[in-house]
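>>> coords please:
(chains A and B)
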Amino acid sequence: MSSTDRPSPARRALLAVLALGPLFPPIARAQHVHGAHGGGGSRRPRAPELGISAAFAPDGTLWVAGKETTDAGQHVVVRSSRDRGRSWSAPVRATPSSEPVSADGENRPKLAFGPRGELYVSYTKPLAKPYTGEIRFVRSTDGGGSFSAPLTVHANRDEITHRFDAMIVDRDGRIFVAWIDKRDLEAAKAAGRTYAGAALYYAVSHDGGASFRGDYKIADHSCECCRIALAISPSGRPAALWRHVFDGTTRDHAFALLDASGRPGRVERATRDGWKIDACPHHGPALAYDRHGVRHQAWFNMRGERGGVFHARIGPDAAPDAALATAARIGDDTAAHADLAIAGDTVAIAWKQLDGDATAIMARVSRDGGRTWSERTLARTAGASDQPRLAATATDIVLVWNTRADGLVTVAVAGEAT
Amino acid sequence: MRAALVALMTAGMVAPPSAMASGVAAFDSNSLARIEAFHRGKPFVLVMWSLDCTYCAASFAALAAAQRAAPLAVEAVATDSADDPDTVRGLQDKVRASGMAARIWAFGDAPPERLRHAIDPRWHGELPRVYWYRADGSRTATSGVVTEQAIAGFRRASAGH
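Got it, this is the predicted structure:
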């Protein structure tokens, strides 16, 4: 059913060409030369945080959003590529004024596009107290040349958790931003009640990101520390998949459709692995739909003593539990942080896995909607790295992977370029 | 400071390793072997944690309470980067505030997934993750919040050797 192959010499050469410098090379170098950080002249420079997002604009330009840290402060920055990652623009600041930005693997700036090519960026701004934050949003209506001042998408301004933002634009151009929120936990604590996990909330912009309305609750009792996956369902409504706390202790996944006017959707159980734990897994799922309306989900869980990454395809009329029973294990025991993307009948799953002395990004690609697969290594790096991000057009899928040693690595996974 | 030092000594510690000038040592691929050698013949608890870990404060509180009752050596290894001075300060503040006596480590330059794998291939990064080392060097692992009962069970198992 699957086969593993090593990159051919040609592919290795391509990887070498595509492996560019660090996301923000000039600044990283300047820090290194001066060795000055936070006033400590002899300190080592702070290693840049590697969390990025990648997405194709409607015109085929590939964009990444990440974080820049200098002695003067922190910014969200974007870069773009017109040749699918062979060459990248210089970083452009999406936040004109400095403010704290989260940019780790589970909680990094997000990118989405409006119907006329508007560029939207959301991110978590950590506040002074541990685990607290605000979900911020900026937009560019001139192709990334300039950005609006940041706005906070939620009405609640308590210094509590509003973190782990996720963003998607529906077919009508409405912008949905979902996040993990602890207002219900705080209220329960104040009332002397217990409350498992956190909650999931979202807000919607009906005016292209000029304003957001909402603080609509998706569900109580989400996990506190895992990324949320969003995808547009066949009905056109955004679907959310997230790690949830069932029955107070079990960290399986839940699924719900979002509504533009905030009407609550039904919360369904989306995995049944039964991982009972009071801990932060820092490991959220991935979600995509194919053109036949089949829901593809990839996730990490412990099943008994053995952890692993799993993939399931759930047809529009299928009983989810039956589909889950046939979930496929992906990669080896070190597999982690899978991403999913679909272009036509091609489904790609990319994940991180240890490979000798290196960290590898592996991929499984199916040309028949996820029935049969071939497997291969897309890239390797020796040092620290972000999670793999897959970006898709209608025909192509590319991997974008931010690495400390090799910079921004881009590999064609499916489509014309492969 | 004196109280912290006394707490360290009661916890069965001698002087911290010289690398810990800042109070937080970088945890690299050979650090686990050094920690195990340091405690050879004696039980200890290795707690993997991070600044972002919601369940770690309660775990530290349970370990601190246990230390007030009887000596219990703790090594607290954060998966945060030892590179960042703010992080290092945050780690020290958090341990200090918990009242738990522990040597503090933070992940060094090697990729975090590699350090995790070197500690335990069966650990997937969930926090807290605790390794309960008995005097004979054998260990058991648990994921999730550390409870009074778990510590009591460990003490009974350690006494059995």
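>>> hang on, residue B:70 packs against residue B:152?
No - proximity of residue B:70 to residue B:152 does not meet the contact threshold set by C-beta atoms under 8 Å, at 10.6 Å. Quick note: C-beta positions are derived from backbone N, CA and C, even for glycine.
>>> So between those two, which is more surrounded?
residue B:152 (12 against 9; other C-beta atoms under 10 Å in any protein chain shown).
>>> so is that one in a helix, a strand, or just coil?
helix (DSSP: H, G, I helix; E, B strand; the rest coil).
>>> ok, now how distant is the residue in chain B sticking out farthest from the centre from residue B:138?
Taking C-alpha atoms, centre = their mean, the residue of chain B most remote from its mean C-alpha position is residue B:160, at 22.5 Å. As for residue B:160, its distance to residue B:138 is 11 Å (criterion: C-beta to C-beta, to the nearest Å).
>>> per-residue confidence for residue A:285?
At residue A:285, the model reports a pLDDT of 98.
>>> End to end on stretch A:200-215, go ahead and measure it.
Taking C-alpha to C-alpha, to the nearest Å, stretch A:200-215 runs 9 Å from one end to the other.
>>> ok, residues contacting that stretch?
With C-beta atoms under 8 Å, 6 or more residues apart in numbering or on different chains as the test, stretch A:200-215 has contacts from A:114, A:118, A:120, A:135, A:137, A:139, A:148, A:151, A:153-156, A:162, A:173-181, A:183, A:216-219, A:222, A:228, A:240, A:242, A:258, A:260-262.
>>> Show the average pLDDT along that stretch.
98.
>>> in it, what counts as buried?
Buried residues in stretch A:200-215, counted by 16 or more other C-beta atoms under 10 Å in any protein chain shown: A:200-205, A:208-209, A:212, A:214-215.
>>> what about it, distance to the chain center?
19 Å (C-alpha atoms, centre = their mean, to the nearest Å).
>>> show me what contacts residue 105?
In the absence of a named chain, this looks at chain A. Per C-beta under 8 Å, 6+ apart, neighbours of residue A:105: A:50-51, A:227, A:282, A:337, A:386-387.
>>> actually chain B
Per C-beta under 8 Å, 6+ apart, neighbours of residue B:105: B:24-27, B:31, B:75-78, B:82.
>>> taking those one by one, which sit in strands?
Judged by DSSP state E, strands contain the following of the contacts of residue B:105: B:24-27, B:75-78.
>>> and the residue of the stretch 1-150 of chain A found nearest chain B, what element?
Nearest residue of the stretch 1-150 of chain A to chain B (C-beta to the nearest C-beta) works out as residue A:47 at 4.8 Å. Under DSSP states H and E, no helix or strand contains residue A:47.
>>> The nearest residue to it once chain neighbours are set aside: neighbouring residues, count only.
Nearest residue to residue A:47 in three dimensions, chain neighbours excluded: residue B:83, at 4.8 Å (C-beta to C-beta, 6 or more residues apart in numbering or on different chains). For residue B:83, the count of nearby residues is 19 (other C-beta under 10 Å).
>>> So residue B:83 is in contact with residue A:69, correct?
No - assessed by C-beta under 8 Å, residue B:83 is found out of contact with residue A:69, at 11.5 Å.
>>> picking up where we left off before, I'd like the ones in strands among the contacts of residue B:105 laid out as a markdown table, including neighbour count and distance to chain A.
Supplementary listing: those in a markdown table, determined by neighbours: other C-beta atoms under 10 Å in any protein chain shown; distance: C-beta to the nearest C-beta, whole Å:
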| residue | neighbour count | distance to chain A |
| --- | --- | --- |
| B:24 | 25 | 14 |
| B:25 | 23 | 15 |
| B:26 | 18 | 10 |
| B:27 | 25 | 14 |
| B:75 | 24 | 18 |
| B:76 | 26 | 16 |
| B:77 | 25 | 15 |
| B:78 | 27 | 13 |
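>>> Pull out the buried positions in the strand or helix carrying residue A:187.
Element membership for residue A:187 (DSSP H and E) is helix A:183-190. For helix A:183-190, a neighbour-count test (16+ other C-beta under 10 Å) marks A:183-186 as buried.
>>> Please list which of these are also close to chain B.
Near chain B, taking C-beta under 8 Å from any C-beta of the partner chain as the test, no member of these is found.
>>> how about the residues of the stretch 251-400 of chain A near chain B?
Counting by C-beta under 8 Å from any C-beta, the stretch 251-400 of chain A sits next to chain B at A:277-283, A:300, A:302, A:305-307, A:333-334, A:336, A:352, A:354, A:359, A:383-385.
>>> now those residues: which count as buried?
A:277-283, A:300, A:302, A:307, A:333-334, A:336, A:352, A:354, A:359, A:383-385.
>>> low-scoring stretches of chain B, by residue?
Residues of chain B that meet the criterion pLDDT under 70 lie in B:1-22, B:161.
>>> What residues does it have near chain A?
Selection of chain B residues close to chain A by C-beta under 8 Å from any C-beta yields B:50-55, B:81, B:83-86, B:90, B:109-114, B:117, B:121-122, B:124-129, B:143-145.
>>> Pull out the buried members of those.
Neighbour counting by 16+ other C-beta under 10 Å classes B:50-55, B:81, B:83-85, B:90, B:109-114, B:117, B:124-129, B:143-145 among the residues of chain B next to chain A as buried.
>>> For residue A:240, give me its contacts.
A:166, A:178, A:200, A:202, A:218, A:228-230, A:255-258, A:287.
>>> for stretch A:346-355, the distance to its chain's centre please.
For stretch A:346-355, the distance to the chain centre is 14 Å (C-alpha atoms, centre = their mean).
>>> what is the mean pLDDT for it?
Averaging pLDDT along stretch A:346-355 yields 96.
>>> What residues of that stretch count as buried?
A:346-354.
>>> Ranking helices and strands of chain A by mean pLDDT, which lands last?
helix A:25-34 (a mean of 30; mean pLDDT, DSSP states H and E).
>>> and the closest residue to residue A:246 other than its chain neighbours, what does it touch?
Distances taken as C-beta to C-beta, 6+ apart put residue A:252 closest to residue A:246, at 5.6 Å, once the chain neighbours are dropped. Contacts for residue A:252 (C-beta under 8 Å, 6+ apart) come out as A:243-244, A:246, A:269-275, A:301.
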